[in-house]
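Novice: sequence first, predicted coordinates after that:
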Amino acid sequence: MTFTRSAAALGVAVALAGTAAGIAGCGSASPSSSASSAPAKLVVWRMGGSVPSQVTWMNGVVAQFHKQYPQYSKTKVVVDWIPWGNRTTDWTNALTSGKGGPDITELGNTDTPGVASQGALANITSSVHSWSDGSQIIPGNLANDTVNGKVYAVPWFGGVRGIWYNKNQFAAAGITSPPTTWAQLVSDAKALMKKFPGTYGLGAPSDYTNAIVSFIWGAGGQVAVKQNGKWVAELNSPQSEAGIKFYADLYLTDHVSPAKYIGETELGTVGATSGGSNEDFALGKLDMYIDGPWAESQLAAVSTKNESQWASFPIPSENGPNPAPAFAGGSDLGVWVNSKYKTADFDLIKVMDSPANATTFANSQGFFPEFTSALSGGAYSGSAIMSGFAKAAAYTQISPLNSKNWATADATDNIIPDMMKALMQGANFTATVNKANTEMQNVLNTGSES
């Protein structure tokens, strides 16, 4: 899985048709087996493509599962690779038909609350609470998997955005430490542009919701909050407006971001994978670039000239000293509601999501494990790239990007990207933000702008 706009964990919510009531068994379970016996087969739905590295990792986990739990030594673990774009349809079909479903499913963490609310996931509260490693899970991430006080999935891996920079460039421009406030961020961007004529200091693509929200949160604002069961949009609060204005002004008044990024994602034109701020940073045309650690392989594919000097720091908050909250995107693991082997399911999850395996998997993909001990234990301190992102991972937020209608608000209606694009093109600030606020509140509550 990559962490571009196409990734499920970046905000595609789910509305499953039907309920779990009255549905027959999961398609992976053997009709002749009792619930207490070892399953002949467990089906795991993994999201994305079956790339060799992930297949190898899963094979290793299965071998550990058989060794650690001898009672399942003859249980065949079948891994089905589900394209991210197909997962909603596949979950819905399995739930409504009672056929072909998994025993364990990976979910984007923004999927989990909606899928759980529709009755597709088993309540695993007692299993999580009795799991020896469960107490190490980052509390805010586990809270995302908790609906009405019951736990329906466990966090597996996650990622956050921060700001990439070049250590040599910082030193040459006289910048001795990464900025921790917005004023310092702009000052450093201008210092870099002065030292390296022809570059831009900090890329600010307008179609980049998952970065923009950090600036809203970094000023103490919120996109929307839940009150009495309804979403109340707060894009036009003074705090949120401060974050929105700061991001727009990176182009409008500070001139540290170029006009070419208006209407673009961090990967270029919508749907592209290169030609945007990512490529410009790799080529040395952009001094600071907002993205996650997963971007390293993409950047290196463009150019490795400055790779040894790449480093990161968290997105600053308005006044510091702590970073702005970053959107905590990632994947969870849940037990399918109709699986007949829920004990075996969670035993396999415990192997997949052990601190050691979760860390190995996350590191191989440019993400972080979901355990506080793994983030604070110093494993990333020696990496110029990962250390900054690890700091950012301790300051995360997800709501309302996990609401069931967020996909409509962001990926379909493009509310925040369209707002930011209009502002960068000179639209009236108050009218534009108020319009986006009304649209956001309507979509989050009803699925429609009007």
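Specialist: Arrived safely, thanks for sending. Numbers count the residues shown, from 1 in each chain.
Novice: per-residue confidence for the residue nearest to the spatial centre of the chain?
Specialist: By Cα atoms, centre = their mean, the chain has its centre lying nearest to residue 329, at 1.4 Å. Per-residue pLDDT puts residue 329 at 87.
Novice: so it is in contact with residue 211, correct?
Specialist: No. With contacts counted by Cβ atoms under 8 Å, residue 329 stays clear of residue 211, the gap being 11.7 Å. All C-beta atoms are positioned from the backbone trio N, CA, C, and that covers glycine.
Novice: helix or strand for residue 420, which one?
Specialist: Using DSSP states H and E, residue 420 falls within helix 415-424.
Novice: counting by contacts, list what that helix packs against.
Specialist: The contact analysis (3 or more Cβ pairs under 8 Å, 6 or more residues apart in numbering; DSSP states H and E) places helix 415-424 against helix 209-218, helix 238-252, helix 429-446.
Novice: ok, which of those comes nearest residue 368?
Specialist: With Cβ to Cβ as the measure, helix 209-218 is the member of those nearest residue 368 (15.8 Å).
Novice: quick one: average pLDDT of the helix holding residue 420?
Specialist: Per-residue scores along helix 415-424 average to 98.
Novice: now do it against helix 429-446, angle only.
Specialist: Orientation check (axes from the mean of the first three to the mean of the last three Cα atoms, to 10 degrees): helix 415-424 against helix 429-446 gives 170 degrees.
Novice: ok, and what's touching helix 415-424?
Specialist: The contact list for helix 415-424 (Cβ atoms under 8 Å, 6 or more residues apart in numbering) reads 206-209, 212-213, 223, 235, 244, 247-248, 251-252, 262-263, 409-410, 429, 432-433, 435-436, 439-440, 443, 449.
Novice: taking helix 209-218 as reference, get the angle to that helix.
Specialist: Using the same axes, to 10 degrees: helix 415-424 against helix 209-218 is 80 degrees.
Novice: buried ones in the one helix or strand residue 90 maps to?
Specialist: Using DSSP H and E, residue 90 sits within helix 87-97. If you call a residue buried by 16 or more other Cβ atoms under 10 Å, then helix 87-97 has these buried ones: 87, 88, 90, 91, 92, 93, 94, 95.
Novice: do stretch 278-289 as well
Specialist: Buried residues in stretch 278-289, counted by 16+ other Cβ under 10 Å: 278, 279, 280, 281, 282, 286, 287, 288, 289.
Novice: how about stretch 226-233?
Specialist: By neighbour count on 16+ other Cβ under 10 Å, the buried set for stretch 226-233 is 231, 233.
Novice: now do stretch 124-143
Specialist: By 16+ other Cβ under 10 Å, the buried positions in stretch 124-143 come out as 124, 127, 128, 131, 133, 134, 137, 138, 140, 141, 142.
Novice: thinking the last one is in contact with residue 156, fair?
Specialist: No. With contact defined as Cβ under 8 Å, residue 142 and residue 156 do not form a contacting pair (11.4 Å).
Novice: start to end distance for stretch 289-305?
Specialist: From its first residue to its last, stretch 289-305 covers 16 Å (Cα to Cα, to the nearest Å).
Novice: okay, who's weakest in the buried residues of stretch 124-143 by pLDDT?
Specialist: residue 140 (81).
Novice: so what's the gap between the lowest-mean-pLDDT helix or strand in the chain and the chain middle?
Specialist: Across the helices and strands of the chain, mean pLDDT, DSSP states H and E gives its lowest value to helix 372-376, namely a mean of 78. Relative to its parent chain, helix 372-376 has a centroid offset of 18 Å by Cα atoms, centre = their mean, to the nearest Å.
Novice: tell me which residues in that helix are buried?
Specialist: Across helix 372-376, burial judged by 16+ other Cβ under 10 Å covers 372, 374, 375.
Novice: about what we covered before: how near is the residue nearest to the centre of the chain to residue 193?
Specialist: 30 Å (Cβ to Cβ, to the nearest Å).
Novice: quick one: buried residues of stretch 355-372?
Specialist: 355, 357-359, 361-363, 365-372.
Novice: re earlier: who touches the least confident helix or strand of the chain?
Specialist: Everything outside helix 372-376 that qualifies as a contact, by Cβ under 8 Å, 6+ apart, is 136, 137, 138, 355, 358, 359, 368, 369, 390, 393, 394.
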